[in-house]
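When you get a sec, could you give me coordinates for this:
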Amino acid sequence: MPYTVTLHIYDLSQGIAAQLSKQLLNKEFKAVYHTGVSLHNTEYFFGQGIQTGVPLQTPFGKPIEQRVMGTTSKTVKDIYDWIFSQSTDFSESSYNAMTHNCNHFSSVFLTFLGIQGFPQEILEQPEEFLSTSLGSMFGNMFGGKSNSQPTITNTETPNKEYASLYITDPKVFICDDEDLINYIQVVSENDETKKSLNTILAAYNESQNYKTTFLLGQQNKIALYEVLALISTTSSIENIPEDLTPSNLIPSNETTLIIPFFRYLNNYFCNTKGMIDGRKNIQLFVPLMKEIIVNQDKNIKVAVLRSAFAMSRFFTPSMQKNTQFFEFLLKEAVAYSQQQGKESQICLNLCCGAIGRMLISFSSDAVLANELKLKVSNQLKTEDLKDSKAPCVRDLSKYISLKTGKKDDEEFF
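Next up, the predicted model:
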């Protein structure tokens, strides 16, 4: 089925550029362009990373033009998968007003959708501005001139020395089949939904995918969480309505709800849709984890840290600076490294995996990455953990030693 794709073109100057540019720059500019691409009732744009909004309700006001660019066969899932693959190249820290801005994103996104013809005059506007006397004065501030668009590639290849830290295939979890079958009975509002949910369960048990629509009742929170956890293991996650996403189903302090909720949250974060939603609501989830982790029940700690493990895959430097999530995980890891027992070792492994994943993701920000590595070296005795049976604990020790061992070698030259 073809989907219509519309380019929304905005003037960030709200008409001032057209009025004053000739006088100030000796060159006329019709607008200061911002663009967003609209399809599937969503507008996609680039600023603080790749962002989404309701068409015609984004912070940029009313577009000066809505240009139909063509049609695409790409589904919402196709788009989510592509967006996640581009999360490094179009991260918040990669934004550059001159060479890597919202318009470059729109052009690349349209190409992915199979559509050509992004307005060249919009892409060339930064160069036009830099060619003016005033623009040249500000060129260095915006990163200098560039005659080409950025190369868009995803080059991350897991290093075999510490492969577990890349978390390329995070695990999903569901409750016991017998309990889940009962929960399906509770939340299904009709026989068709009941049949679909049982088909999802069968598909999960056979490591198959299944996509369906469904209608769930909400009278039993435990049943609802467990069924949503199951749904999130398949592409049916795309049909979870907004009011049933984790950010809208935060549990009360009732202990019996915590593990089912975090089982749902973990599985949700393992899917591209959940990663995007997780980034948007990170200020909600991190404090929740910090609050609940103080519970002494080890099963609850494991459930929370499994979600943290999955969440580390989409964490960005700016998110870390706003939440101090890394320090939270490191503190937990230090505590578990001093404890005995299987549950403590599971918690330590999950913490080390999340810490390692974040260090790898933050490597493009050398200052932040080195600062955090130093914290790990000083607080967590990774050298003592290098022979651990837990894969992420062992690999984090390797990662820290590989990145800091060169200094000792230099003493021999």
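
How is this structure divided into domains?
Domain assignment for the chain by the TED database gives 3-152, 177-401.

Let me know which of these is tucked in deepest.
Comparing the domains of the chain by mean neighbour count (mean count of other Cβ atoms under 10 Å), domain 177-401 ranks first with a mean of 19. In short, each C-beta sits where N, CA and C put it, glycine included.

distance of the nearest residue to residue 12 once chain neighbours are set aside from residue 15?
In space, and not counting its chain neighbours, residue 12 is closest to residue 32: 4.3 Å by Cβ to Cβ, 6 or more residues apart in numbering. Plainly put, residue 32 is 10 Å away from residue 15 if you go by Cβ to Cβ, to the nearest Å.

ok, now residue 264?
On the measure of Cβ to Cβ, residue 264 and residue 15 end up 48 Å apart.

Likewise for residue 374?
50 Å.

what about the helices in the stretch 301-413 of the chain?
Using DSSP state H, counting those that start in this stretch, the helices of the stretch 301-413 of the chain run over 317-323, 325-337, 342-361, 366-379, 391-404, 406-409.

In a markdown table: these, plus distance to residue 159 and mean pLDDT.
Below are those laid out as a markdown table (distance: least, Cβ to Cβ, whole Å; pLDDT from 0 to 100):
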| stretch | distance to residue 159 | mean pLDDT |
| --- | --- | --- |
| helix 317-323 | 20 | 88 |
| helix 325-337 | 20 | 95 |
| helix 342-361 | 9 | 93 |
| helix 366-379 | 15 | 90 |
| helix 391-404 | 8 | 82 |
| helix 406-409 | 15 | 43 |
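
pLDDT weak spots in the protein?
Along the chain, segments meeting pLDDT under 70 span 133-157, 214-215, 218-219, 402-413.

In contact with residue 388, which residues?
394, 397 (Cβ atoms under 8 Å, 6 or more residues apart in numbering).

how close does it sit to residue 5?
Counting by Cβ to Cβ, the gap from residue 388 to residue 5 is 50 Å.

For residue 213, which non-adjacent residue is spatially closest?
residue 239 (5.0 Å).

Test my guess that that neighbour contacts residue 212.
Yes: here residue 239 reaches residue 212: they are 7.3 Å apart, a contact under Cβ atoms under 8 Å.

where along the stretch 151-300 of the chain do the helices fall?
Counting by DSSP H, counting those that start in this stretch, the stretch 151-300 of the chain has these helices, from start to end: 177-187, 191-205, 221-231, 255-269, 272-280, 282-292, 298-311.

Could you do the stretch 1-150 of the chain as well?
Applying DSSP H, counting those that start in this stretch to the stretch 1-150 of the chain gives helices spanning 16-25, 76-85, 102-112, 120-123, 125-130, 133-138.

Kindly provide the distance from residue 354 to residue 325.
Taking Cβ to Cβ as the measure, residue 354 falls 8 Å from residue 325.

Sorry, wrong one. I was asking about residue 266.
Per Cβ to Cβ, residue 266 is found 16 Å from residue 325.

same deal with residue 343?
Note on residue 343: its distance to residue 325, by Cβ to Cβ, is 22 Å.

Pull the contacting residues for the nearest residue to residue 258 once chain neighbours are set aside.
Distance criterion Cβ to Cβ, 6+ apart; nearest residue to residue 258, sequence neighbours excluded, is residue 300 at 5.4 Å. Going by Cβ under 8 Å, 6+ apart, residue 300 touches 255, 258-259, 262, 292.

got these as TSV, with distance to residue 246 columns?
Formatted as TSV, the contacts of residue 300 follow (distance: Cβ to Cβ, whole Å):
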residue	distance to residue 246
255	18
258	13
259	14
262	9
292	13
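
Check those and tell me the two furthest apart.
255 and 262 (12.0 Å; Cβ to Cβ).

Can you verify my assumption that residue 263 contacts residue 225?
Yes: in this structure, residue 263 is within contact of residue 225 by Cβ under 8 Å, at 6.9 Å.

how close does residue 113 sit to residue 37?
Look at residue 113 and residue 37: by Cβ to Cβ, they are 8 Å apart.

typo on my end, residue 31
18 Å.

before we move on, the earlier item: which residues do residue 354 and residue 325 both contact?
By Cβ under 8 Å, 6+ apart, residue 354 and residue 325 have these common neighbours: residue 308.

contacts for stretch 100-114?
By Cβ under 8 Å, 6+ apart, stretch 100-114 touches 5, 7, 33-37, 39, 44-47, 50, 69-70, 72-74, 82, 86, 90, 94-95, 116-118, 122-123, 125-126, 149-150, 152.

Could you rerun that using 7 Å?
Contacting residues not belonging to stretch 100-114 are listed as 5, 7, 33-37, 44-47, 69, 72, 74, 82, 90, 94-95, 118, 122-123, 149-150, 152 [Cβ atoms under 7 Å, 6 or more residues apart in numbering].
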